[in-house]
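Asks: Pasting a predicted model and its sequence here:
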2 protein chains.
Amino acid sequence: MSRTTMRDVAREAGVSIATVSRVVNGVDAVAESTRRRVLEAIRRLNYSPNLVAKSLVHRGTRNVALFVPDIMNPFFPAIARGVADAVASEGYTVVLCNTDDSTEPGPHFERLLRGNFVDGAILCGTAWDAAPLSELIPADLPVVVMDRRVPGLRADSVEIDNRLGGLMATRHLLDVGCRRILHLGGPVGVSTAEGRLAGYLEALCSGAADERDAAEADSDLITRGPFRAESGYSRTRAALESGLSFDGIFAANDLLALGALQALRQFGRRVPEDVAVIGFDDIYMAALALPPLSTVAQPTYRLGTIAGRMLMDRLDRSASPAQPPAHPQPEPKRVVLEPSLRIRESTRRERVQGSEEE
Amino acid sequence: MSRTTMRDVAREAGVSIATVSRVVNGVDAVAESTRRRVLEAIRRLNYSPNLVAKSLVHRGTRNVALFVPDIMNPFFPAIARGVADAVASEGYTVVLCNTDDSTEPGPHFERLLRGNFVDGAILCGTAWDAAPLSELIPADLPVVVMDRRVPGLRADSVEIDNRLGGLMATRHLLDVGCRRILHLGGPVGVSTAEGRLAGYLEALCSGAADERDAAEADSDLITRGPFRAESGYSRTRAALESGLSFDGIFAANDLLALGALQALRQFGRRVPEDVAVIGFDDIYMAALALPPLSTVAQPTYRLGTIAGRMLMDRLDRSASPAQPPAHPQPEPKRVVLEPSLRIRESTRRERVQGSEEE
DNA sequence: GGGTGGGCTGGAAACGTTTCCACCCTCCGG
DNA sequence: CCGGAGGGTGGAAACGTTTCCAGCCCACCC
């Protein structure tokens, strides 16, 4: 029933447990003849070491936790993969947890982080407050926050410049001649959504100042809601039904944009001729949509690998014997990546200046 | 540095370690006054139990491993989520591993399964042989195989009836009037791909027997390759360039079908008028494609929950004290789900002939 | 008033490793 | 011939829990 243990191997090979351990880990010197004997016994008994026991001694499982709102959301798999690849190179594996946009860290969180089951954690897109979080996270447990920010939490972070992304997207729409741009925004209070909206507003204001015909910043043109396709669909539909006029859509993520495309199609609006549409994220299916969706690309996979690497760095450091003089924990690092414009058919128009509209 | 342990709590509360353990786990009787004292000490010291140590004693971490080829492939996130939800209800968490279609279980596999780091495992879409697998998997470690089959491996399995799915898809194309159906098949030797092809062939043969004009089963119409969008694109393109004539495409998965749509569009073939297209899996973006893609739906999330539940059942059983008389391990279970047709625009045509059926 | 039994509690042995320490050789230099 | 160095090895104490077992105390019953 019980699996074979070091003690069994030791007995079989006629040596002590300590020696078996030395052979298995390749540390210290052990005579070649004994080594062979032990190896042979291991093979015969089909032994492999118990990592749980090992972890207990070493005070470190080689696991890291990754929290995402929902792995089914197409934005996260690439991140998960990036994290997994980055940490795998150091022998770590990923424990995945879906948080479902819960407002508080659940029992899973507590179990994993406080129970010493993981050596570190990556929080991606979680909507938790800094206060309960810093109380819950053990002091010696490195954490990396990505995507959304958690203001006040002392932890490394990786994100993209959402404001810049929003600016780029909106400028692009202005460049292709849009004058009334509907913004399908994300949830209120979420840092990514706020940043993108800020960029949108900034583009409109600075646009008004320069030589082109003033684009309108109309509060009717701004909607907020969850980052989901259905929400994009229903909000666009509502806009169309209400007779609101617009010739461009900047959606705060691709799912919203895809929903918008569906609504526009249903109402017979041509994209990009009648309405140009741009999304955010560059999820896989953006390129496959019809028309292929222009979008602000986030290097999701790379975001994941960077977060993974940051975590590995912390872990290396905390494992190292000599501590740097004063600060046991160096300052939190913050990495901000630049998004990039990926222009596809959904905004590909003749540059028309002051031509027919709607 | 070191986190607070039971010993600390015991000292603080002036009781023995054993008593603290009893309070924490709520077993045995402990006097209300001591209980309160211990609880108070726990709160003061901000203690939480070390799960690694607990696991060592109990011989069970509450973790299960999930192996998928690539979480970035849109087919798998829903499965992962299903598994996670199913096992979460029993307090288990999921350790995720990407196998990248490797031909052999890698070091991760060995580390996790043999190192007692997980109590069970789910193998999804892995292309490993039964022989090395059964050698590697500890006898007391329950495993569930899903999606692809691993012939010869003694383990529970969940899958859908791929042959039936292929049959349904092909029959549907025949029903809407297709006579020369291109099959974009999956890799040779993979059970899912083989099943779908078998269904395709079966539909064509039985179709030839009945009253409608004979549909042609032409070996030129059958291609095989990886389950990827690019492959669907290039194979369809090649078919179009070679002048092969066809009026329908049955793709062995949705990614292939999406690639095919792209190629058809590029060559100016209208879908569904010139070529009707049907895929397999019903991934999220199938509905968002243009035209929305008809497909054979697999209940992926449900597949995941079922696999998770099967694993939980095995774990409950192996944890239960009394063993049923003879067989310590009951026979492997096999669940086969039926796929269902999801008809969208990509095959919506006038019924050319007079056939009127469901 | 001496069992008897039950509620509470503590000691200590597990669980399967790693690693410190001590020991025994053998071999070498003086 | 002796001292010491150092390679090879084993014993045993950790790591932080659970749980068995034994013991204490007190109330209760004959």
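Replies: Great, that's in hand.

Asks: only C-alpha atoms for contact and neighbour calcs from this point on.
Replies: Noted.

Asks: what's the nearest residue to residue A:305 once chain neighbours are set aside in contact with, if anything?
Replies: Excluding the flanking residues, the one nearest residue A:305 by CA to CA, 6 or more residues apart in numbering or on different chains is residue A:82, at 4.4 Å. The contact partners of residue A:82, taken as CA atoms under 8 Å, 6 or more residues apart in numbering or on different chains, are A:300-306, A:308.

Asks: just residue A:38 next, same as before
Replies: A:9-10, A:13, A:15, A:20, A:23.

Asks: what would those residues look like in a markdown table with distance to DNA strand D?
Replies: Formatted as a markdown table, the contacts of residue A:38 follow (distance: CA to the nearest atom of the strand, whole Å):
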| residue | distance to DNA strand D |
| --- | --- |
| A:9 | 11 |
| A:10 | 8 |
| A:13 | 9 |
| A:15 | 4 |
| A:20 | 8 |
| A:23 | 9 |
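
Asks: what distance separates the start and the end of stretch A:259-275?
Replies: One end of stretch A:259-275 sits 14 Å from the other (CA to CA, to the nearest Å).

Asks: May I see the buried residues of it?
Replies: Burial within stretch A:259-275, assessed by neighbour count using 16 or more other CA atoms under 10 Å in any protein chain shown, is assigned to A:259-264, A:269-275.

Asks: which residues touch the closest residue to residue A:72 other than its chain neighbours?
Replies: Nearest non-adjacent residue to residue A:72, counting by CA to CA, 6+ apart: residue B:77, 5.0 Å away. Residue B:77 makes contacts with A:71-72, A:77, B:71, as judged by CA under 8 Å, 6+ apart.

Asks: By pLDDT, rank those and give me the bottom one.
Replies: Lowest pLDDT of the contacts of residue B:77: residue A:72, 92.

Asks: measure the residue in the stretch 151-300 of chain A that DNA strand D sits nearest to to residue A:122 for me?
Replies: Among all residues of the stretch 151-300 of chain A, residue A:155 sits closest to DNA strand D, at 24.1 Å; criterion: CA to the nearest atom of the strand. As for residue A:155, its distance to residue A:122 is 10 Å (criterion: CA to CA).

Asks: which neighbours do the two share?
Replies: Joint contacts of residue A:155 and residue A:122 (CA under 8 Å, 6+ apart) are A:143-145.

Asks: tell me which of the residues you listed is nearest to residue B:44?
Replies: Checking the shared contacts of residue A:155 and residue A:122 against residue B:44 by CA to CA gives residue A:143 as the nearest, at 24.1 Å.

Asks: Am I right that that closest one is in contact with residue A:122?
Replies: Yes: the pair residue A:143 and residue A:122 qualifies as a contact (CA atoms under 8 Å) at a distance of 5.7 Å.

Asks: shared neighbours of the two, anything?
Replies: By CA under 8 Å, 6+ apart, residue A:143 and residue A:122 have these common neighbours: residue A:311.

Asks: Dump the shared contacts of residue A:155 and residue A:122 to TSV, plus distance to residue B:53.
Replies: Below are the shared contacts of residue A:155 and residue A:122 laid out as TSV (distance: CA to CA, whole Å):
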residue	distance to residue B:53
A:143	23
A:144	26
A:145	28
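
Asks: Just the ones of these in strands?
Replies: Of the shared contacts of residue A:155 and residue A:122, the ones assigned to strands by DSSP state E are A:143-145.

Asks: circling back to that earlier point, tell me which helix or strand comes right after whatever helix or strand the residue nearest to residue A:305 lives in.
Replies: Using DSSP states H and E, residue A:82 sits within helix A:76-88. The helix or strand immediately downstream of helix A:76-88 is strand A:93-98, counting by DSSP H and E.

Asks: helices or strands next to that next one in the packing?
Replies: Identification of packing neighbours for strand A:93-98 by 3 or more CA pairs under 8 Å, 6 or more residues apart in numbering or on different chains; DSSP states H and E yields strand A:63-68, helix A:76-88, strand B:93-98.

Asks: Flag every residue of the stretch 1-150 of chain A that's near chain B.
Replies: Residues of the stretch 1-150 of chain A found near chain B (CA under 8 Å from any CA of the partner chain) are A:1, A:48-53, A:55-56, A:70-72, A:74, A:77-78, A:80-81, A:84, A:93-98, A:108, A:111, A:114-117, A:140.
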